[in-house]
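# this is a predicted model, with the sequence first.
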Amino acid sequence: MSDPLLDSLNPEQRAAVTLPHASALILAGAGSGKTRVLTTRIAWLIQTGRVSPHGILAVTFTNKAAKEMLTRIAAMLPINTRGMWVGTFHGLANRLLRTHWREAGLPQSFQILDAQDQLSAIKRLLKSLNIDTEKYEPKKVQGYINGHKEAGRRARDADAHDEYSMQLAELYEAYDAQCQREGVADFPELLLRAYELLYRNEPLRQHYQTRFRHILIDEFQDTNALQYRWLKLFAGPDTALFAVGDDDQSIYAFRGANTGNMLEFEREFAHGRVIKLEQNYRSHGNILTAANALIERNERRLGKSLWTAEGDGEPIRVFEAFDDRDEASFVVDEVKALNREGTAFSDMALLYRSNAQSRVLEHALFTAGVAYRVYGGLRFFERQEIRHALAYLRLLTHPEDDGAFLRVINFPTRGIGARTVEQLADVAARSGASLWQAACTASGKVATFARLIEGIKTATAGLTLAETIDHVIETSGLGDHYRADKDGADRLENLNELVNAAALFSEEAEDDTLDAFLAHAALEAGEHQAEPGRDALQLMTVHAAKGLEFHAVFITGLEEGLFPHEQSAHDESGLEEERRLMYVAITRARRRLYLSHAQSRMLHGQVRYGFASRFLAELPDAVLLPLNRRGASRDAPAAAPPRATPAGHGTGYRVGQCVAHAKFGTGIIIDFEGGGPDARVQVKFGDAGTKWLALAYAKLSPA
DNA sequence: GCGTGACATTTTTTT
DNA sequence: AATGTCACGC
């Protein structure tokens, strides 16, 4: 009898879904139905009675993916999915630590530090230890600490051979001590703590190992060393691990993701049980041909080639613009044309390597009146007014939190300046107490502040979450502060939105305590971006586009130094990651793909000249369609792009022009000086670097 | 204690 | 170009 769950799957997908009770690695290419396989596997396991929801642990990297997974499973199964653990690594670690806080050595109300909180905690530490922040930059220290935590190393495990690394290790140690004292945990700490908890506590470990008979991991290529060890710890002798990933889409190595985990997993758990999903249901043939040709240039990969049952489709359009503004206007024209032909704006995406590139594009779109939406940027719970409000709340439930204390002690300003705070910190440090405790014994303005917090605590004792937050906003003076500020309307609205978010949270969450809400705020920085229904062009970085798909995709800024980014282009591994990034970008497109680059571009306030990205040359010519400059009328002198800076009269050359030199190859003129017989030009060559050449002697020809 | 202007600093991002 | 950080002066 046919099973409705499995009917629409292809043979490989079906094999993956119905694997026996053993660990396996699923190599799922872009657009091959990865999420579908993962969710169907869970549904199938439960429906066929192989496991109860209680025995399932499913891990993802983003909250969005976790939510999507739950929704899809719920749609497939009539039964209730409660009891299943589905969430992000951090969310699950938090859940574990909240349940076993005593065993984990944390206070019950421990607070979570996001990256920003962590950085300010580190700055505070460096200051208290009188460390030279020129030599030990806070950001570097943060990177050092997180790097070690993500590799599963405590300060004592960090190798310290010279003065510098010994100092760093000491700072790491001191930082952890500070966090412990204040009862806070940063993101990697959540994982490491949860890991250590199970590692050291055998009964607990056995409990979870027996409970979770099936562990499923999404985006496995993004796991770091600690997350992998974490999974190994959860897996008992009778646990089946189901890891789904695509090494070609690993684009987070820069933050510790380790594709090597896939190889290791194959050896340690899957024992050769590897299923490749290579049929792509998303893109037309030419797009896949390009993607395959590109990614084949990478050495380090497990090897996989996408194919489609669809036809070749349209060629990939390549456009060379004079400059970034020209590129933007090209994009605008094409977007409008596509929309006229019936493609919704929301089904088109405009991708770029780095956020700074969006400005010019936005300007052009705005001027042309095209609705667009930029993803990324400041998230809801990261806004300063929200952080202030949350800091008050943190202080209510967890007064030991010095970070929260410092954020609000003088915001809104109440006449407590740096000097006073410093004295307070001295008192606290001498007695080993928290700032809050020191404040409670203080007098004057500090005492008034302490009474304010105490007052809020008493007044909100019986209130709901939303009422509490509303009360905090009004009593703390935050509300008045932003009402007095003529630019404070948006912030007030956000604070109001925070109250709404709390009300919603109370409705939905099983545990609607203040602590739970604060953890939620830290772990889920807020995908609550407003105005969904509107049909708008989608703008985002390539990173942000992972996992999404669009009818038409524009990849812009395909220039050396930008994409691949110059910071990554030096070593082979960096370059391979950039290539994977390009692979991800290409495979977002279903039907139509545009690649564009510009001869010159405004970057960091000055004009830069770049060559076309090497990635363009790595695509097969057969699938590319170089676009001619648009209609002759638009090329009329009046509308010509503003690149024509004459390079000395009568020389026949101008800045921005491509030229060829017998010895140095081709390059672009980026500057000139003198005129007539003395004229010299500065040319940036692809291979030979930048050279000054005298026009009278150098044999240049237009290229 | 607080506000302002000079200064540097620019990848990618989730949790 | 634009943004954040820091030191200085009121």
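All right, it came through fine. Please read these numbers as outputs of a predicted model, since none were measured by experiment. Numbering: from 1, shown residues only, chains lettered A, B, ... in the order given.
# so A:L294 makes contact with A:E578?
No - with contacts counted by C-beta atoms under 8 Å, A:L294 stays clear of A:E578, the gap being 10.8 Å. Heads up, the C-betas are built off the backbone N, CA and C, glycines and all.
# need the residues touching each of the two.
Listed contacts common to A:L294 and A:E578 are A:F615; contacts here mean C-beta atoms under 8 Å, 6 or more residues apart in numbering.
# got the end-to-end distance for stretch A:437-451?
12 Å (C-alpha to C-alpha, to the nearest Å).
# contacts for it, please.
Under the criterion C-beta under 8 Å, 6+ apart, residues A:399, A:405, A:409, A:414-416, A:420, A:424-425, A:427-428, A:431, A:436 lie in contact with stretch A:437-451.
# one more time with 10 Å, if that's ok
The contact list for stretch A:437-451, computed with C-beta atoms under 10 Å, 6 or more residues apart in numbering, reads A:399-400, A:402, A:405, A:408-410, A:414-417, A:420-421, A:423-431, A:433-436, A:453-454, A:476.
# in chain A, which strand is the longest?
Looking across chain A with DSSP state E, the single longest strand is strand A:589-603.
# in the helix or strand following that strand, which residues are buried?
Toward the C-terminus, strand A:589-603 is succeeded by strand A:606-609 as the next helix or strand (DSSP states H and E). For strand A:606-609, burial by neighbour count (16 or more other C-beta atoms under 10 Å) applies to A:V607, A:R608, A:Y609.
# which of those residues come close to DNA strand B?
The subset of those within reach of DNA strand B, counting by C-beta under 7 Å from any atom of the strand, is empty.
# from those, pick the one nearest DNA strand C.
Closest approach to DNA strand C among the buried residues of strand A:606-609 (C-beta to the nearest atom of the strand): A:V607, at 10.2 Å.
# separation between the nearest residue to the closest one once chain neighbours are set aside and A:Q13?
Spatial nearest neighbour of A:V607, chain neighbours left out: A:S600 (5.4 Å); criterion: C-beta to C-beta, 6 or more residues apart in numbering. For A:S600, the distance to A:Q13 equals 47 Å [C-beta to C-beta, to the nearest Å].
# assumed A:V86 was part of a helix.
No - going by DSSP: H, G, I helix; E, B strand; the rest coil, the assignment for A:V86 is strand, not a helix.
# residues making contact with stretch A:560-570?
A:253-254, A:351-354, A:356-357, A:542, A:555-558, A:574-579, A:581-582, A:585, A:597-598, A:601, A:603, A:608-616, A:686.
# ok, 7 Å please
With C-beta atoms under 7 Å, 6 or more residues apart in numbering as the test, stretch A:560-570 has contacts from A:R353, A:G557, A:G574, A:L575, A:E577, A:E578, A:M582, A:G610, A:F611, A:S613, A:R614.
# narrow the residues you listed to those in helices?
Among the contacts of stretch A:560-570, the residues falling in helices (DSSP state H) are A:G574, A:L575, A:E577, A:E578, A:M582, A:R614.
# of those residues - the most surrounded one?
Neighbour counts for these peak at A:M582, which has 28 neighbours (criterion: other C-beta atoms under 10 Å).
# which parts of the stretch 101-250 of chain A sit against DNA strand C?
Residues of the stretch 101-250 of chain A lying near DNA strand C (C-beta under 7 Å from any atom of the strand): A:T133.
# what residue in the stretch 101-250 of chain A comes nearest to DNA strand C?
A:T133 (6.4 Å).
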